[in-house]
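**Q** Kindly return the folded structure for what I paste below:
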Amino acid sequence: MSSCAKCGRALVGGDIFCPSCGTPNPERTADAGAAATAMLPQDDLHRRLQAAIGTDYVVEHLIGEGGFALVFAVTDRKLQRRIALKVLRPEFTASKNSIQRFIREAESVAKINHPHILPIFFVGERESLVYFAMPLVDGETLDTRLRREGQLPEAEVIRIGSEIADALAEAHGHGLVHRDIKPQNVMLSGAKKRVLVMDFGIAKAAAGSGEKLTGTGVIIGSPHYMSPEQAGGDASVDQRSDIYSLGIVLWEMLAGEVPFDGPSTQGILIQHLTQSVPSIRARRPNVSAALANVVSRATAKKMEDRFQSAHDLAEALRQAGMGTGQRAMSWRVPKPLIAGLAAAVVLLAGGGFLAWRHFSHAADQDAHTLPPTAGVKVATLPFEALGQSDEAQFARTAVRLMTDALDRNHVPTVDDEELLGHWTTDGLKTEAPLETKAAFAAEHGAGQMVLGNAVTSGKSMQLSADVYDTHDLKAVGTAQVTGSSDSLFALIDRIAVQVAGVLCTQPGYNPQNRCFDVAAKPDEPLAVTDVTKPGETPPSPPSFAVYVDQNGAPTDLRTRVPSSHDDVNDAAATLIRGAHFSPAKKHGATVAAWTTVDVPVKAQAEPEAAGASACSEPSANAGNACFDTAPTAKTALTAAWRGSGTPSSPQLWLLVGLDGVVREVRVATASNQPQFTEVAKRAAQALVFTPAQKNGMAVAAWTRVTIGKS
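**A** I've put the predicted structure just below:
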């Protein structure tokens, strides 16, 4: 008995494909093309694929393979992005007619623009290879998650299931039936785990091109998720087959296993043909009745007993979530409170990105205060659409696609589903004033917003995107692309690259220095010394946005996160002004760019003792024995006195810090005029010293001084 080369599942003699992942069984695959693919030297396939796609792309390495294809990571040189290139196995392109059929099917998929369908960028045929390009998704398959976690929370099942159903509804509307819905064909993308359904139409194309795959024929699909009509070889498979397959996926997400399993493909197919899918509550009793009913109806044996459309299934899932309290509710701050908080922010200019100060070398040293900003998140608002038959639907689709595209370009975004829901409930329109849109975006935590518009004329479309700061309504920049109206996804992918570049020109933007390959950084470490006096709160370290030119000189500086001590902010700014930086790099070239610089605060050293802890007390430091060189005042030790009488000069103990600033004053011998003693203490507090030295290093130390009258 052999095992699957991909997932390790045991294969029996009757298995043509692995029952789990669909990988061909080499013992049963009769077509020589499969063996040719498996035996093809990796470097030769790599060479042929590189020759096929041309010099605008760089083939990197194999990242996966399945029953239909091998997948390679590829760099798109023009758009500076990575994509995935799927190369079909030869047995699915056995003849010229088969190849043409597949390309037609793939091109029809490429015309679909939906946020939950993994798009096809282009299709090609060269070097005896047939291939198509897709986004290289940052995420994992639903299958990987299920293997790791088993049963998923009910709310997550509803979210994932409804997003898959939305994708199916869009494809079915274009006349495409997937025929291979399974967890391996569902990607969970990015931090939000957004659903992306893969390989739409590919199974149908392969089925149509593979009628001579074996001597006896073969049913294309994954047996664990196959509908009864598909398992029985019914030629009239329609959208209800996908609904059944999705029902099985829902069952698996809730149960942690599939309802039907067995040692052979034939045995599993017989179960789908003859047995009813068990109630999910028999496997997981705490599943809500509403959700259990949805799963039961989706997996009905007769097609007419199921949901008749994927849209109906999606709505039923959402209703089940609302009825059981499982629907994820977003927390919102009431608008009057938002306004009050905004006013308080302007007055108080607190932490985070709230206080900004600006300087240039040519400008006055007094910093200018810039408008407050909430952070780096970006909100894409509904697009205006001219020439679209359904402007509202287009506006929503554009938001979802643009948000996804910005996510792929590492732009932190506001959740589009939450934003669109609130846009609708607030009754906002695309023609709303700029101020209204900015307030709406800011309410959702966005520091910048993208306002888009689309003009469609025949087969041509022009997309424009304007980026605004949500707080001062400043226009940050504009992006624009033109292309085929059938390629909305590709157009938005291109314009998102431009928008990401526009955002990188802003000092407040650039989380984790994503805007360039190598961040600018100081040649020498920067740090300021703690200025805390006894009983005070230690200062927090400040953070700055610094614009570094191509020569490594800081030419603009803005306080990104201020310290709790103004003198620490000023000292840190002075250090940065005088520092030299290694400039940022993008694609191997030095560039002028904003970078984030945090300036740590070093704790002030305690007075160092010469063998006795008593040196921490001022009176125990007779003759300055606790250090090699005593602190020295840079100005005369006198205090102005305009009171009556002639005071005697008081003696004071001063704790001088590493930076020469007086930290604490204590009276050793008071003047005969108590008022003059207080004047002398205030004068001493303003003195600046050369710090004490111990073993060649500056140390904080007590010293005794006499303050004269001036």
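**Q** CA only for contacts and neighbour counts going forward, please
**A** OK.
**Q** From Met449, how far out is Glu443?
**A** 11 Å (C-alpha to C-alpha, to the nearest Å).
**Q** out of those two, which sits in the more crowded spot?
**A** Taking other C-alpha atoms under 10 Å, Glu443 and Met449 do not tie; Met449 has more neighbours (27 against 20).
**Q** ranges for the strands of the stretch 101-250 of the chain?
**A** 122-126, 129-135, 139-141, 186-189, 194-197 (DSSP state E, counting those that start in this stretch).
**Q** can you list the weak-confidence ranges in the stretch 251-400 of the chain?
**A** Applying pLDDT under 70 to the stretch 251-400 of the chain picks out residues 323-376, 389.
**Q** Tell me which residues touch Leu152, please.
**A** Applying C-alpha atoms under 8 Å, 6 or more residues apart in numbering, we find Leu152 in contact with 146, 253-254, 256.
**Q** okay, now Asn453: neighbour count?
**A** 19.
**Q** What distance do you get for Arg179 to Arg306?
**A** 16 Å.
**Q** I misspoke; the intended subject was Gly321.
**A** Taking C-alpha to C-alpha, one finds Gly321 at 19 Å from Arg306.
**Q** Look up the closest residue to Val258, ignoring the ones flanking it.
**A** Glu252 (4.9 Å; C-alpha to C-alpha, 6 or more residues apart in numbering).
**Q** Oops, could you answer that again for Val295 instead?
**A** Computed as C-alpha to C-alpha, 6+ apart, the closest residue to Val295 that is not its neighbour in sequence is Gly247, at 5.4 Å.
**Q** Then Thr430?
**A** Glu384 (5.9 Å).
**Q** Could you pick out the longest helix of this structure?
**A** What stands out as the longest helix in the chain, according to DSSP state H, is helix 154-173.
**Q** May I have that one as PDB, with CA atoms only?
**A** Output of helix 154-173 as PDB, limited to C-alpha atoms (Å, rounded to 0.1, in the frame of the first residue of the first chain):
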ATOM      1  CA  GLU A 154     -19.600  28.800  15.700                       C
ATOM      2  CA  ALA A 155     -19.200  32.500  14.900                       C
ATOM      3  CA  GLU A 156     -16.100  31.800  12.800                       C
ATOM      4  CA  VAL A 157     -17.900  29.000  11.000                       C
ATOM      5  CA  ILE A 158     -20.700  31.400  10.100                       C
ATOM      6  CA  ARG A 159     -18.200  34.100   8.900                       C
ATOM      7  CA  ILE A 160     -16.100  31.800   6.800                       C
ATOM      8  CA  GLY A 161     -19.100  29.900   5.400                       C
ATOM      9  CA  SER A 162     -21.000  33.100   4.400                       C
ATOM     10  CA  GLU A 163     -17.900  34.500   2.700                       C
ATOM     11  CA  ILE A 164     -17.500  31.300   0.700                       C
ATOM     12  CA  ALA A 165     -21.200  31.400  -0.200                       C
ATOM     13  CA  ASP A 166     -20.800  35.100  -1.300                       C
ATOM     14  CA  ALA A 167     -18.000  34.000  -3.600                       C
ATOM     15  CA  LEU A 168     -20.100  31.100  -5.000                       C
ATOM     16  CA  ALA A 169     -23.000  33.400  -5.600                       C
ATOM     17  CA  GLU A 170     -20.800  35.700  -7.700                       C
ATOM     18  CA  ALA A 171     -19.300  32.900  -9.700                       C
ATOM     19  CA  HIS A 172     -22.700  31.200 -10.300                       C
ATOM     20  CA  GLY A 173     -24.000  34.500 -11.600                       C
END
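**Q** What are the buried residues along it?
**A** Along helix 154-173, these residues count as buried under the neighbour rule (16 or more other C-alpha atoms under 10 Å): 154-172.
**Q** ok now it, how far from the chain's centre?
**A** How far helix 154-173 lies from its chain's middle: 22 Å, per C-alpha atoms, centre = their mean, to the nearest Å.
**Q** pLDDT averaged over that helix, what's the number?
**A** In this model, helix 154-173 has a mean pLDDT of 91.
**Q** The contacts of Leu152: which two are farthest apart?
**A** Leu146 and Leu254 (9.8 Å; C-alpha to C-alpha).
**Q** So for the two, which sits in the more crowded spot?
**A** Using other C-alpha under 10 Å, the more surrounded residue of Leu146 and Leu254 is Leu254, with 26 against 17.
**Q** outside of stretch 653-673, which residues touch it?
**A** Contacts of stretch 653-673 (C-alpha under 8 Å, 6+ apart): 529, 531-534, 604-605, 618, 631, 646-652, 677, 681, 684-692, 698-705.
**Q** how does it look with 6 Å?
**A** Residues outside stretch 653-673 that contact it (C-alpha atoms under 6 Å, 6 or more residues apart in numbering) are 533, 647-652, 677, 685, 688-691, 698-704.
**Q** repeat for stretch 280-298
**A** Against stretch 280-298 from outside (C-alpha under 6 Å, 6+ apart): 243-244, 247, 306-307, 320.
**Q** Now do the end-to-end distance for it.
**A** 12 Å.
**Q** Measure how far it is from the centre of its chain, please.
**A** 34 Å.
**Q** what would the strands of the stretch 101-250 of the chain look like in CSV with mean pLDDT, distance to Glu664 and mean neighbour count?
**A** Output for these, formatted as CSV (pLDDT from 0 to 100; distance: least, C-alpha to C-alpha, whole Å; neighbours: other C-alpha atoms under 10 Å):
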stretch, mean pLDDT, distance to Glu664, mean neighbour count
strand 122-126, 84, 72, 15
strand 129-135, 85, 63, 21
strand 139-141, 87, 56, 17
strand 186-189, 89, 57, 23
strand 194-197, 89, 58, 24
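**Q** Out of those, which is closest to Ser236?
**A** Across these, closest to Ser236 is strand 194-197 (C-alpha to C-alpha), at 22.9 Å.
**Q** which secondary structure elements does that closest one contact?
**A** On a contact count with 3 or more C-alpha pairs under 6 Å, 6 or more residues apart in numbering; DSSP states H and E, strand 194-197 meets strand 186-189.
**Q** For the strand it packs on, give me every contacting residue.
**A** Defining contact as C-alpha under 6 Å, 6+ apart, one finds that strand 186-189 is touched by 138-142, 194-197.
**Q** now these in CSV, with distance to Val109?
**A** What follows is these, written out as CSV (distance: C-alpha to C-alpha, whole Å):
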residue, distance to Val109
Asp138, 21
Gly139, 22
Glu140, 22
Thr141, 20
Leu142, 22
Arg194, 20
Val195, 17
Leu196, 14
Val197, 12
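**Q** Could you point out the member of those that lies closest to Pro583?
**A** Closest to Pro583, out of all of the contacts of strand 186-189 and judged by C-alpha to C-alpha, is Asp138, at 29.1 Å.
**Q** need the contact list for that closest one.
**A** Neighbouring residues of Asp138 by C-alpha under 6 Å, 6+ apart: 189-190.
**Q** One more: Ser540?
**A** Contacts of Ser540 by C-alpha under 6 Å, 6+ apart are 563-564.
**Q** Three-state assignment for it, please.
**A** Under DSSP: H, G, I helix; E, B strand; the rest coil, Ser540 falls in the coil class.
**Q** thinking again about what came up before, closest one of the contacts of strand 186-189 to Asp517?
**A** Using C-alpha to C-alpha, Asp138 is the member of the contacts of strand 186-189 that sits closest to Asp517, with 18.4 Å.
**Q** From Ala405, how far off is that closest one?
**A** From Asp138 to Ala405 the distance is 12 Å (C-alpha to C-alpha).
**Q** Likewise for Ala475?
**A** Applying C-alpha to C-alpha to Ala475 and Ala405 gives a distance of 21 Å.
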